[in-house]
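Engineer: quick one, what's the 3D model for this:
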Amino acid sequence: MQYTVISALRTTIALLVLFFAVAPIDSYATGLGGSWEGQVTQNDPPSTYTMEMNLYGNVGNVNYPSLGCGGNLEFIRTDGTSFWYREHLTFGKDKCIDGGIIQMRRHPLGDDTTWDWRWEGGGVSVRGLIRGSGVAESK
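Structural biologist: All right, here's what the predicted structure looks like:
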């Protein structure tokens, strides 16, 4: 009896370890990977500036060098053609709007390295064409 309980417990622990070891790989594969950069333009007030972004599947970071702000990105979802990330500023919150949503979609005339980029939050919209070494990760 005691041997059966210990054996069942070992099996359960092994399955849990396997599940948690595989789960992060799947969630990583839901987003994009790679480095991206481009000139983006916002609507109000009108201005153009550089955006730099590194994505690691379901997380990443973003930097706006000329604005003096940037932070972390959290993968929200994909519909197969677009990828959405929520921005969480870690510096320059007094210079930029925190909590915006970034949407990336392959540019219709580009290849895997050319994407349409859009940021929205706080009544501001920013758009641009970005390029990089990134690719969509597959499941």
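
Engineer: can we go C-alpha only for contacts and neighbour counts from here?
Structural biologist: Will do.

Engineer: now the strands for the protein?
Structural biologist: 32-42, 47-57, 59-64, 69-78, 82-91, 101-106, 114-121, 124-132, 135-136 (DSSP state E).

Engineer: residues in contact with the fifth one?
Structural biologist: The set of residues external to strand 82-91 that reach it, using Cα atoms under 8 Å, 6 or more residues apart in numbering, is 31-32, 62, 68-78, 98-106.

Engineer: ok, and for it, which residues are buried?
Structural biologist: Neighbour counts using 16 or more other Cα atoms under 10 Å place S82, F83, W84, Y85, R86, E87, H88, L89 of strand 82-91 among the buried residues.

Engineer: how many neighbours does the closest residue in space to the fourth one that isn't next to it in sequence have?
Structural biologist: If the residues on either side of it in the chain are set aside, Y85 comes closest to F75, at 4.4 Å by Cα to Cα, 6 or more residues apart in numbering. Using other Cα atoms under 10 Å, F75 is surrounded by 23 other residues.
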